[in-house]
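Visitor: got a predicted model here, sequence first, then my questions.
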Protein chains: 4
Amino acid sequence: MRRNKPKYKQIIEAAVVVIAENGYHQSQISKIARQAGVADGTIYLYFKNKEDVLISVFKEKMAMFVQKINEVIAGKETAAEKLLVMIESHFKILSADKKLAIVTQLELRQSNKDLRFKINEVLKEYLSVLESILEYGRERGELKADLDIRLARQMIFGTMDETATTWVLNEHKYDLVALAPKVHSLILNGCMSKNANS
Amino acid sequence: MRRNKPKYKQIIEAAVVVIAENGYHQSQISKIARQAGVADGTIYLYFKNKEDVLISVFKEKMAMFVQKINEVIAGKETAAEKLLVMIESHFKILSADKKLAIVTQLELRQSNKDLRFKINEVLKEYLSVLESILEYGRERGELKADLDIRLARQMIFGTMDETATTWVLNEHKYDLVALAPKVHSLILNGCMSKNANS
Amino acid sequence: MRRNKPKYKQIIEAAVVVIAENGYHQSQISKIARQAGVADGTIYLYFKNKEDVLISVFKEKMAMFVQKINEVIAGKETAAEKLLVMIESHFKILSADKKLAIVTQLELRQSNKDLRFKINEVLKEYLSVLESILEYGRERGELKADLDIRLARQMIFGTMDETATTWVLNEHKYDLVALAPKVHSLILNGCMSKNANS
Amino acid sequence: MRRNKPKYKQIIEAAVVVIAENGYHQSQISKIARQAGVADGTIYLYFKNKEDVLISVFKEKMAMFVQKINEVIAGKETAAEKLLVMIESHFKILSADKKLAIVTQLELRQSNKDLRFKINEVLKEYLSVLESILEYGRERGELKADLDIRLARQMIFGTMDETATTWVLNEHKYDLVALAPKVHSLILNGCMSKNANS
DNA sequence: AATGAATGAGCGTTCATTCAT
DNA sequence: AATGAATGAACGCTCATTCAT
């Protein structure tokens, strides 16, 4: 089980640091190796190639996302509460590790189509957690009976993602986590005034 | 004004075609030159460097977006209607030019941080049109009085963008424009059931 | 016609010098470029890749061999005379360009199977000239009526090649051309004593 | 004496198999170790370096050649007979072990100049057996009194070698051993017709 | 004796940019 | 203005060898 070898994690963490500090296209294997304190060749004992390092960074971090989200939503009764803690957790994880935020929101998106296709595969697990909350809410009558789950998922993920990216582009200069309730409210209730007739 | 010279437009259009057909990383200056019917060196008479070509592609196309959106929203009275036609137009432009959709949703995002920073600058004009609609709606009492404009803008743009990207990743196999009313409804009213007490 | 561009020949000649002086495995593109007085990238304007440079060295030189041989054998009446001048010319060309001798007899043989397969293709033209002399001699009654042409060709080429290689391995310390008549006699008459009954 | 240790032979045999199956440039130490059932490092307990493994392969196999040839020529009276059985044995050994044939005729020749220089040293023993047959024949009056022994040896070895290589390049699709008498006749009597006046 | 994880030097090729014509 | 031949920096990956255990 390669994931338990200390060097595996060591290289993953080094990759996050190097990519955040240098950008995707300036993250040569030699830099990652130096940061990890190993020889270039050692990376190839744990990873198939450079792409495998990058996809593994994403897999490991996304697995952490999914695990964390699953933990916090389990403790909540309603879909609305589950969504709130999901958004909060998502923002908390990025706020707690700003280098990770740079990597996931900006740098990894510069990868080529192949890598981004693989990243999308990994993302699916996360999106399916989100979809299961939506289905749960729809069944309970909390959410609209005719809610298009996929579209709603795209709205919610799109909103969280855009919010997080804007925050990173603004160099983290405001509190991302504090936005969670407002984002949550927008998603559940929309923009429209209560007394407007649509 | 370089933009009025015929070769300027010629090179821009050639770049869109080449990027859509070959992908960002396979779009060498020599390919763009060949597609445009000029010599490699000629490109450097109209553009500072390769990045300038790409940012110009984005600027030109985004200007078209802004112009089109301004046209359609001018003919609508309410903010809700303006938003609907904005979403529809956004989706229509991408549906009408699938190469452009590939370029904006997938390929240009592979560019490096510098280029994407500049693209974000260009995007601001588009986003400010969106913000002005939201302000208009808030003033008219259509939209929530306490609506956080910037956050709402992020939600709306994030949702449209994610919806469009998913559509491109699914190889345009369903009708993107047909989703506009549902996206519009989600944005205005949210996911929550009417009779739920939030 | 790339072969007439001066840089093409320039690079071929540089390759011969570099390979002879450094050996096949130490003949990096950068060394060949430096020797030719061009930039590394320039080589790729004239050759597809490194293998293409090496195979072209062989093709050009072998074409010279074939042309020279054809010239000298045309002036001779009998197959025996043709063979003699062929062997002499073969040895003369190698003697006149000792670097070329090192390259063809030692260095190019270290190439991988793919390259050597392609070299063999080029060699076929040379071997067919040899076979045509043998056929001519058989028809004229000079050579044995039941001579196995292919086997005789292998004997003659094998003998010339081994003789030349041994000479190169001995660092050209004796006169290769002077051996031609003896090689010719061995090939025509064999080793056996005239009065022996076999 | 390292050669008597079981792992020594084990590694040699593994090397022959690996080189024949993968080619010279794809025969990494790790592959040879795996085939031999030992660790990579173990090879360095028995061999100085990779070159030492390869030269040892050649030495061991060439020793077998020499021993076998010495056995068969001892049973023959005339030089002509000795030569015939030598050629036959040479071809038989290669026919019987096609992997060995690939290794000696094609793969080992891709090695660098140093290694091939050492291989030539080993070859000398084989060549000296051949020369002693020629000297024996000359003394007995069987072979020409003025025969240049070294040149004749080059002709004979070159012919056998070229014949064997051509056979390997033709993927062993004809019977190599069956060619021995014809090769023998060519070597002894040459190509020339009996009644020609040379 | 035996292991195998770790090392790190080495190189073919691409392509944005220049500049003499 | 337009050309396009020439430039040369930059990097992922392999694998023979070592050495702590």
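Guide: Good, I have the coordinates.
Visitor: any idea of the mean pLDDT for the host helix or strand of A:Ile69?
Guide: In the assignment (DSSP states H and E), A:Ile69 maps to helix A:50-74. Across helix A:50-74, the average pLDDT comes to 93.
Visitor: and what of stretch A:97-114?
Guide: 88.
Visitor: circling back to that earlier point, run the contact check for the helix holding A:Ile69 versus DNA strand E.
Guide: No: using CB under 7 Å from any atom of the strand, helix A:50-74 never reaches DNA strand E; the gap is at least 13.0 Å. For every residue, glycine as well, the C-beta is placed using N, CA and C.
Visitor: now swap in stretch A:109-122 and tell me
Guide: No: Stretch A:109-122 does not reach DNA strand E (CB under 7 Å from any atom of the strand); its nearest approach is 11.5 Å.
Visitor: for the helix-or-strand element of chain A with minimal mean pLDDT, the distance to its chain's centre please.
Guide: Lowest mean confidence among the helices and strands of chain A (mean pLDDT, DSSP states H and E): helix A:113-139, at a mean of 91. Offset of helix A:113-139 from its chain centre (CA atoms, centre = their mean, to the nearest Å): 11 Å.
Visitor: between helix A:50-74 and that helix, find me the angle.
Guide: Helix A:113-139 and helix A:50-74 are oriented at 10 degrees to each other (axes from the mean of the first three to the mean of the last three CA atoms, to 10 degrees).
Visitor: I'd like the next helix or strand past helix A:113-139.
Guide: Defined by DSSP H and E, the subsequent element after helix A:113-139 is helix A:149-169.
Visitor: got the buried residues for that following helix?
Guide: Neighbour-count burial for helix A:149-169 flags A:149, A:151-168 (criterion: 16 or more other CB atoms under 10 Å in any protein chain shown).
Visitor: ok, the helix holding A:Ile69 near DNA strand F or not?
Guide: Yes: using CB under 7 Å from any atom of the strand, helix A:50-74 reaches DNA strand F at A:Lys50, A:Glu51.
Visitor: which strands and helices lie in contact with that helix?
Guide: helix A:6-22, helix A:29-36, helix A:79-96, helix A:113-139 (3 or more CB pairs under 8 Å, 6 or more residues apart in numbering or on different chains; DSSP states H and E).
Visitor: contacts for that helix?
Guide: Here helix A:50-74 makes contact (CB atoms under 8 Å, 6 or more residues apart in numbering or on different chains) with A:3, A:9, A:11-12, A:15-16, A:19, A:29, A:32, A:43, A:47, A:82, A:85-86, A:88-90, A:93, A:100, A:103-104, A:108, A:111, A:114-115, A:118-119, A:122-123, A:125-126, A:129, A:133.
Visitor: check whether the one helix or strand A:Leu188 maps to comes near chain B.
Guide: Per DSSP H and E: A:Leu188 is located in helix A:180-189. Yes: residues of helix A:180-189 contacting chain B under CB under 8 Å from any CB of the partner chain: A:Lys182, A:Val183, A:Leu186, A:Ile187, A:Leu188, A:Asn189.
Visitor: so the third one sits against B:Met155, correct?
Guide: Spelled out, that is A:Leu186. Yes: in terms of CB atoms under 8 Å, A:Leu186 counts as a neighbour of B:Met155; the distance is 5.2 Å.
Visitor: what do those two both touch?
Guide: Joint contacts of A:Leu186 and B:Met155 (CB under 8 Å, 6+ apart) are A:Thr159.
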